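A.B. asks: Return atomic coordinates for the entry below.
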Amino acid sequence: MTALELDLFLCRTDNFGVLLHDPASGATASIDAPEELPILEALERRGWRLTHILTTHHHGDHVAANVSLKERFGVTIIGPESEASKIPGIDKLVGDGGRFDFAGHPVEVIETAGHTAGHICYYFPEDKLLFAADTLFALGCGRLFEGTAETMWQSLSRLMALPDDTAVYFGHEYTLANAHFAVTIDPDNPALKDRAAEIEETRSDGGFTAPTTIGLEKQTNPFLRAADPKIRANLGMEKASDAAVFAEIRKRKDNF
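C.D. replies: The predicted structure is shown next:
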């Protein structure tokens, strides 16, 4: 099995576009389809031809280019079965625990409801890759548009159970703003302070903050650290449930 090649770029204002390419077969997948032109430019730059779109959820900034790319390339669009009616051009429906192969690379489907009711992530266990879209960001998580804090906490807990060295590609370049918020929740975390400084430098130089890793997020992302005693003390929630602490952090971020 050949190693997958990845290309990361911006779409729209702050969406990440990701192309995933298998050099042996030529198969190329776009993780979501936020905007046609940047995807076409990336394909041309790399000399790849699009064969698949792996859709994570139904929001317009993730499916806007589905139909135009399908008309151009005849791609197969894979997406969450519970949101199928809202995803343009969908061909193959997958749900929680589902498995399929992309050019010989096993893919596992993890349902992560919260941002939307049927949001899914694509996990490539042998490649140590997770495409988390709008469930898990670097130092953040998605807003709760169609789910409760309890539901999102359960979803994030599933992702936290993945190996620490899993590379995580996420849906938006929100990391600098997330860092500014994170230090208000977890001010005494030296790993977070160091990371925030690195992010400031990366973004000032025009660099991207993706990918991250599960291990790094567990060390520094306040949304994954609801059990941490210092965070609980900072919030005055020493005896609350993890889900309740997470809900408070999410509420504070919404109003930050």
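A.B. asks: Now do the contacts for residue 97.
C.D. replies: 108-109, 111 (CB atoms under 8 Å, 6 or more residues apart in numbering). No exception for glycine: its C-beta is placed from N, CA and C like everyone else's.
A.B. asks: I'd like the residues you listed written out as a markdown table, with pLDDT added.
C.D. replies: Shown next, in a markdown table, are these (pLDDT from 0 to 100):
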| residue | pLDDT |
| --- | --- |
| 108 | 98 |
| 109 | 98 |
| 111 | 98 |
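A.B. asks: Show me what the helix or strand residue 194 falls within is packed up against.
C.D. replies: Assigned by DSSP states H and E, residue 194 belongs to helix 190-204. On a contact count with 3 or more CB pairs under 8 Å, 6 or more residues apart in numbering; DSSP states H and E, helix 190-204 meets helix 175-185, helix 214-220.
A.B. asks: Report the mean per-residue pLDDT for it.
C.D. replies: Across helix 190-204, pLDDT averages out at 96.
A.B. asks: Then stretch 86-98?
C.D. replies: Stretch 86-98 comes out with an average pLDDT of 97.
A.B. asks: Where does the nearest residue to residue 15 once chain neighbours are set aside sit: helix, strand or coil?
C.D. replies: Distances taken as CB to CB, 6 or more residues apart in numbering put residue 34 closest to residue 15, at 4.0 Å, once the chain neighbours are dropped. Reduced to three states with DSSP: H, G, I helix; E, B strand; the rest coil, the structure at residue 34 is coil.
A.B. asks: before we move on, what about residue 6?
C.D. replies: Under three-state DSSP, residue 6 comes out as strand.
A.B. asks: Wait, it touches residue 21, no?
C.D. replies: Yes - applying CB atoms under 8 Å, one finds residue 6 in contact with residue 21, separated by 7.4 Å.
A.B. asks: Isn't residue 24 up against residue 105?
C.D. replies: No - Residue 24 lies out of contact with residue 105 (CB under 8 Å); the separation is 10.3 Å.
A.B. asks: more neighbours, those two?
C.D. replies: Between residue 24 and residue 105, counted using other CB atoms under 10 Å, residue 105 has the larger neighbour count: 21 against 12.
A.B. asks: So what pairs up with the more buried one in the strands?
C.D. replies: Under DSSP bridges, the beta-bridge partners of residue 105 are residue 102.
A.B. asks: what about it, distance to residue 61?
C.D. replies: Distance, residue 105 to residue 61, using CB to CB, to the nearest Å: 26 Å.
A.B. asks: What are the structural domain limits within this protein?
C.D. replies: Listed by automatic domain parsing, the domain ranges of the chain are 1-93, 107-256.
A.B. asks: Can you point out the buried residues in stretch 91-99?
C.D. replies: 94, 96, 98 (16 or more other CB atoms under 10 Å).
A.B. asks: re earlier: so for residue 6 and residue 21, which sits in the more crowded spot?
C.D. replies: Counted by other CB under 10 Å, residue 6 and residue 21 do not tie: residue 21 has more neighbours, with 23 against 16.
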